[in-house]
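1. got a sequence here, can you build the structure:
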Amino acid sequence: MNRRPVEPAADAEQIDQFFRQHVNSGYARLAALMNLPIEQSSRGVYIYDSQGREYLDVGGYGVFFLGHGHPVVVEAVTRQLQQNALSSKLLLNPQQALAAHALATCCPGNLDYVFFCSSGAEATEAGLKLARLNGCHRTLSTLGGFHGKTLGALSVTGRDSYREPFSGLLGDTDFVPFGDSAALEQQLSASPEKACVILEPIQAEAGVILPPAGYLTRVRELCDDYGAVLIFDEIQSGLGRTGHWWACDREQVVPDIMLVGKSLSGGCVPVSAMVASAAIYAPFNRNPTVHTTTFGANPLAMAAVQTTLQVMQQENLVERARLMGQELHARFTNLLTQMGFAERVKFRSAGLLLGFEFTEASIAANMVMALIEQHIIVCHSLNDHRVIRLTPSPLLTAQDCTRLIEGFASALTSSVPTL
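-> Alright, predicted model coming up:
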């Protein structure tokens, strides 16, 4: 295993103590139970711990589509940091205008107006508020959907265990099964009130759940028929992750509002966005102060956004994600079949969004730990603990892919019970 000198090395005992005293004692206990290493640095598709050990990163919850510290993005962010990192919020911010133009140019249809935020949940909040300003007093979401954990975003997140502790503070939302357009139509027809419909084109946190063919098209038709505002949450499925610029491109469907995040800054600076058509965005244009954010659209993040989109286009990363996704799908399918796990491990993928569903959450947890022992970083799934996810970068080499397959095979052997 490669080793990379790291100075200074973190003091493991001190880090553990400070986590327990000042961050989260529960997480510290979990980290100790899993024997998690201390993350010290990263570069490309690799993470290095405090001992200099190298890990192949295919996790990161969709953030590192460009890997870690892409040199072109880092250069742009560094240059902007030396110029001005934050803005006055009174004078015009040129980087905001340039980044908004760059993102709108990459968006489908007539999604021309961009509101930048710092996290996915903030983008969800902005989208829900804009829908309300467009007269939507009902909200329809999907079971298994995940849109964030702030109160507004949590109100449309379809997992009871996250919602119940705050149920008295959440707005009313009706939930329908994901992929069931008939159930959505039934809800839309049940009340004359204008509705907002929010869903992920592919449910990521639910375990990479793909809808049936034609579902998104039918949802768009129903929203048009009933005058509903349609929000697509592309925070994790967008920006090339599925081998398309946007997962909704699979059916050429354009929402009224789209939420963007995760890899929008190339993994360098927290940033997200809500993008909308001019007609839907009109309330924000009439009153620019009705929804604001201090750190949203800061020059540092805006420089990262512009450069990330440029790199994606110049390096043809969306197409590379599609081709690599096809290759990994074939290799993982073959691996599961050869090892006799095809019936016990459900494998789903769309481009470089891959999910492996095990029969029990404990097996998935064992897989995460076994993969760490193989020096491979993956994601767990917040809305289905039986599923582990892979969100690799299209910058993986052929050797990286082979290392991933071989490490996964070893983890399967030690984690999945034999019949």
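
2. CA atoms for contacts and neighbours, from now on please.
-> Noted.

3. can you confirm R389 is in a strand?
-> Yes - using DSSP: H, G, I helix; E, B strand; the rest coil, the assignment for R389 is a strand.

4. burial count for it?
-> A count of nearby residues for R389, using other Cα atoms under 10 Å, gives 30.

5. same question, L151
-> Neighbour tally, L151, other Cα under 10 Å: 17.

6. which residues sit in contact with the residue lying closest to V378 once chain neighbours are set aside?
-> Distances taken as Cα to Cα, 6 or more residues apart in numbering place G59 nearest to V378, at 3.9 Å, with adjacent residues excluded. Neighbour list for G59: I377, V378, C379, R389, L390, T391, P392 [criterion: Cα atoms under 8 Å, 6 or more residues apart in numbering].

7. just the helices from the stretch 251-400 of the chain, written as ranges.
-> 278-286, 299-314, 317-338, 361-373, 398-415 (DSSP state H, counting those that start in this stretch).

8. now mean neighbour count too, for those helices, in CSV please.
-> Below are these laid out as CSV (neighbours: other Cα atoms under 10 Å):
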stretch, mean neighbour count
helix 278-286, 16
helix 299-314, 23
helix 317-338, 18
helix 361-373, 20
helix 398-415, 16
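
9. can you list those helices in JSON lines and add distance to D172 and mean pLDDT?
-> Below are the helices of the stretch 251-400 of the chain laid out as JSON lines (distance: least, Cα to Cα, whole Å; pLDDT from 0 to 100):
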{"stretch": "helix 278-286", "distance to D172": "22", "mean pLDDT": "97"}
{"stretch": "helix 299-314", "distance to D172": "34", "mean pLDDT": "98"}
{"stretch": "helix 317-338", "distance to D172": "38", "mean pLDDT": "98"}
{"stretch": "helix 361-373", "distance to D172": "30", "mean pLDDT": "95"}
{"stretch": "helix 398-415", "distance to D172": "41", "mean pLDDT": "97"}
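
10. burial of L36, as a residue count?
-> So L36, with other Cα under 10 Å, has 14 neighbours.

11. quick check: the residue nearest to V378 vs L354, distance?
-> Between G59 and L354 the computed distance is 10 Å (Cα to Cα, to the nearest Å).

12. so what sits against both of those two?
-> Shared contacts of G59 and L354 (Cα under 8 Å, 6+ apart): R389, L390, T391.

13. out of those residues, who's nearest W245?
-> T391 (15.2 Å; Cα to Cα).

14. can you pull the contacts of the residue nearest in space to the middle of the chain?
-> In the chain, the centroid-proximal residue (Cα atoms, centre = their mean) is Q236; its distance is 2.5 Å. Contacts here follow Cα under 8 Å, 6+ apart; on that basis Q236 touches Y61, G62, A204, V260, G261, K262.

15. so which helix or strand takes in it?
-> Using DSSP states H and E, Q236 maps to neither a helix nor a strand.

16. where's it relative to Q187, distance?
-> Using Cα to Cα, Q236 is found at 26 Å from Q187.

17. repeat for L30
-> Distance from L30 to Q187, by Cα to Cα: 41 Å.

18. C196 too?
-> 11 Å.

19. hmm, who's touching stretch 326-338?
-> A342, V345, F347, S349, G351, C401, I405, A409.

20. now, which of the residues you listed sits nearest C248?
-> G351 (13.2 Å).

21. burial count for the closest one?
-> Counted with other Cα under 10 Å, the neighbours of G351 add up to 27.

22. domains in this structure, by residue range?
-> Split into domains by automatic domain parsing, the chain comes to 12-68+316-415, 71-314.

23. OK, contacts around N134?
-> I280, P283 are the contacts of N134 under Cα under 8 Å, 6+ apart.

24. okay, it: pLDDT?
-> We have a pLDDT of 96 for N134.

25. list only buried entries from the contacts of Q236.
-> The neighbour count (16 or more other Cα atoms under 10 Å) marks Y61, G62, A204, V260, G261, K262 as buried among the contacts of Q236.

26. okay, the fifth one: pLDDT?
-> What that stands for is G261. For G261, the pLDDT comes out at 97.

27. that one contacts A273, doesn't it?
-> Yes - between G261 and A273 there is a contact under Cα atoms under 8 Å: 6.2 Å.

28. count of residues packed around the closest residue to A350 other than its chain neighbours?
-> Closest residue in space to A350, ignoring its immediate chain neighbours: T242 at 4.9 Å, by Cα to Cα, 6+ apart. Neighbours of T242 under the rule other Cα under 10 Å: 27.

29. for V45, see how far away T242 is.
-> Note on T242: its distance to V45, by Cα to Cα, is 18 Å.

30. then E319?
-> According to Cα to Cα, E319 and V45 sit 18 Å apart.

31. circling back to that earlier point, out of the shared contacts of G59 and L354, the closest to A102 would be?
-> Using Cα to Cα, those come closest to A102 at T391, 24.2 Å.

32. residue boundaries of the helices in the stretch 1-150 of the chain?
-> Under DSSP H, counting those that start in this stretch, the stretch 1-150 of the chain gives helices at 12-18, 25-34, 71-83, 94-106, 120-133.

33. distance to N285 and mean neighbour count added to the ones you listed, as CSV?
-> Below are the helices of the stretch 1-150 of the chain laid out as CSV (distance: least, Cα to Cα, whole Å; neighbours: other Cα atoms under 10 Å):
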stretch, distance to N285, mean neighbour count
helix 12-18, 46, 12
helix 25-34, 43, 13
helix 71-83, 28, 16
helix 94-106, 15, 18
helix 120-133, 11, 24
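
34. I'd like these as TSV, with distance to G214 appended.
-> Listed next are those as TSV, based on distance: least, Cα to Cα, whole Å:
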stretch	distance to G214
helix 12-18	50
helix 25-34	41
helix 71-83	37
helix 94-106	23
helix 120-133	24
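
35. low-scoring stretches of the stretch 101-250 of the chain, by residue?
-> Within the stretch 101-250 of the chain, the ranges that satisfy pLDDT under 70 run 149, 154, 163, 166-170.

36. which parts of it are strands?
-> Secondary structure of the stretch 101-250 of the chain (DSSP state E, counting those that start in this stretch): strands located at 111-117, 138-142, 174-176, 195-199, 229-233.

37. now render those strands as TSV, adding distance to L222 and mean neighbour count.
-> Shown next, in TSV, are the strands of the stretch 101-250 of the chain (distance: least, Cα to Cα, whole Å; neighbours: other Cα under 10 Å):
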stretch	distance to L222	mean neighbour count
strand 111-117	20	24
strand 138-142	12	23
strand 174-176	14	19
strand 195-199	10	26
strand 229-233	10	27
